[in-house]
Every structure is written in C-alpha cells, then in structure tokens.
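> build me a model:
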Amino acid sequence: GFVVVEFDGLLIDLNHLEPLIAQPHSPDNVVKVSELALQNIKAEQASIGSCTNSSYFDLSIAAHMLKGRSVHPNTSLTLTPGSKQVFEMIARTNELADIIAAGARILESACGPCIGMGQAPSSSAVTVRSFNRNFEGRTGTMDAKAYLSSPETAVATALEGIIADPRQVAEKYNIAPKERVEPAKYLINDSMVISPPTDTEKLKIIRGPNIKPIPQFDEMPNSILGKVLLKTGDNISTDHISPAGAKVLPLRSNIPAISE
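Next up is the predicted model:
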C-alpha cells in the first residue's frame, strides 16, 4: 500500500522518501543514506541526543532498535537525553535498561559532544551524530569526519559498525516499525530549579579566573570609515566565528581572551 499525505495542496507519497544524511563538513551536504551504505564506511562513533533529536520519542525508538542487541565492538554509542524529565521517563518505562544493556554510554543532559566538549573522535575517525552541526573541528577533533543523521540511522550505524541504512538494518534484525504514540502525560519536574531572589541587588555572580564580564562598548557612531581588516570566504559557519571545543568554550563571556 501507499502512504500518502497532503501538504499545501500537494500529494506526497511517503514511500518514495528515503533517509538522508549530511556529509562533512556542512549540514547542507546531504545525500541518501542508501548511497553511503554501499561504501562500507567504518564509523568509530555514533551519538544520539544533545538539543536535537533527544526527545522522549527519539530515545524511545533508539531503545526499540537496541533491545536485545549489542553495539558493534568497533563503534562507541553515546546517548544524551534532552532533559532530566526525558531521562527519568525512559528510566521509568524500562527503555533505559534496554539502551544500557546494548552497550550505549549515557551522557549528561548538556551540549557535550555537539560542541566538542567530551567524546571527541580519534584522528580522522568517522562519527555519525543526530546533532545539528558538523562543521570542521566541531567535534573537538580537527580532522574528524562528522555526519548528521536521524536517531534511526545513528542506531543502525552503531549496530553495524558502518554507516548503515536503517531500513536494511530493520529487515536484517527483524525490527518491527515502532508506532509513534505520545505518552498520556509528559513528566514535569522543576523541583531542582532555583528561582532568583526578588532583590537582584544582592545577587552575586561568582566567576572563575578565566571568566570575565562582557566588556562595556562605546555607542557606534552614525557613520564610520575604516580599513577592512578581514574579508571572509563563502559558507562561514558558527565555528569559524567562535570555534567549538575545550580550548575556547571554557572562556565563556571572556571576549578579549576568546578573540585571541
């Protein structure tokens, strides 16, 4: 049968849509996963989560694919829940147990690998990530090759040890499609959120020696003439502007130190 949806007056046959993957080093360098699956590209790492693809359903479908199976011995799989609430929910449904039993490593609910703060791949290694950026050096390893994919493709890669088409992996392991059913209620737990004091004059911000307040800037004049100091090329990314990784990010708001 055909699965057809109507969008803005157009009929779209979903059977003709294939899983896609973004190749290094840009999110728009997109190809079909099936094309790369033919190339036997070994993947040292697969990562699910961060602020992208880390919802309850994303983690739930990862657990569904991993249940009763093991991550390939040559591949490291990490999983980052999008929030403490999501983490608790998959723990209460026992899905977390299936993820852990398969060999996945559970990381803190934070940016982590996405900004090169931990889990940096080996030199020249391939990492498949359900994140949103794969610019050069973004992983914390300058010559690593980062691919962006869905959680399903990341899990398929983790199981096979190579970039893999999740449809073929589902067929190989007899993984039934998982129906997307919203939970009856999403957990809300703000018990550890500390409200700021009403009197902000008494609020003291404690900064380590590497963190400085944002500098005070003079107001820009209505018109200004000056020399061009830098002319960039095309496709400038956020990581060209402010590199990811453990060298720069700990400086936080220390703009003079970052600019060096």
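> can I get stretch 166-175 as PDB, trimmed to CA atoms?
Presented in PDB, the C-alpha positions along stretch 166-175 are these (Å, rounded to 0.1, in the frame of the first residue of the first chain):
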ATOM      1  CA  PRO A 166      18.100   1.800   9.000                       C
ATOM      2  CA  ARG A 167      15.600   0.200   6.700                       C
ATOM      3  CA  GLN A 168      18.000  -2.600   5.800                       C
ATOM      4  CA  VAL A 169      19.100  -3.000   9.400                       C
ATOM      5  CA  ALA A 170      15.500  -3.300  10.500                       C
ATOM      6  CA  GLU A 171      15.000  -6.000   7.900                       C
ATOM      7  CA  LYS A 172      18.200  -7.800   8.900                       C
ATOM      8  CA  TYR A 173      17.300  -7.900  12.600                       C
ATOM      9  CA  ASN A 174      13.600  -8.200  12.100                       C
ATOM     10  CA  ILE A 175      12.900  -4.900  13.900                       C
END
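> buried ones in that stretch?
Neighbour-count burial for stretch 166-175 flags 166, 167, 169, 170, 175 (criterion: 16 or more other CB atoms under 10 Å). Backbone N, C-alpha and C define where each C-beta goes, glycine included.
> redo the residues you listed as CSV? Include distance to residue 234, secondary structure and pLDDT.
Formatted as CSV, those follow (distance: CB to CB, whole Å; DSSP: H, G, I helix; E, B strand; the rest coil; pLDDT from 0 to 100):
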residue, distance to residue 234, secondary structure, pLDDT
166, 33, helix, 97
167, 35, helix, 96
169, 37, helix, 98
170, 39, helix, 97
175, 41, coil, 96
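> residue 94: which of the residues you listed is nearest?
residue 175 (17.9 Å; CB to CB).
> state the helix or strand in which the nearest residue to that closest one once chain neighbours are set aside lies.
Spatial nearest neighbour of residue 175, chain neighbours left out: residue 65 (5.7 Å); criterion: CB to CB, 6 or more residues apart in numbering. Applying DSSP states H and E as the criterion places residue 65 in helix 56-66.
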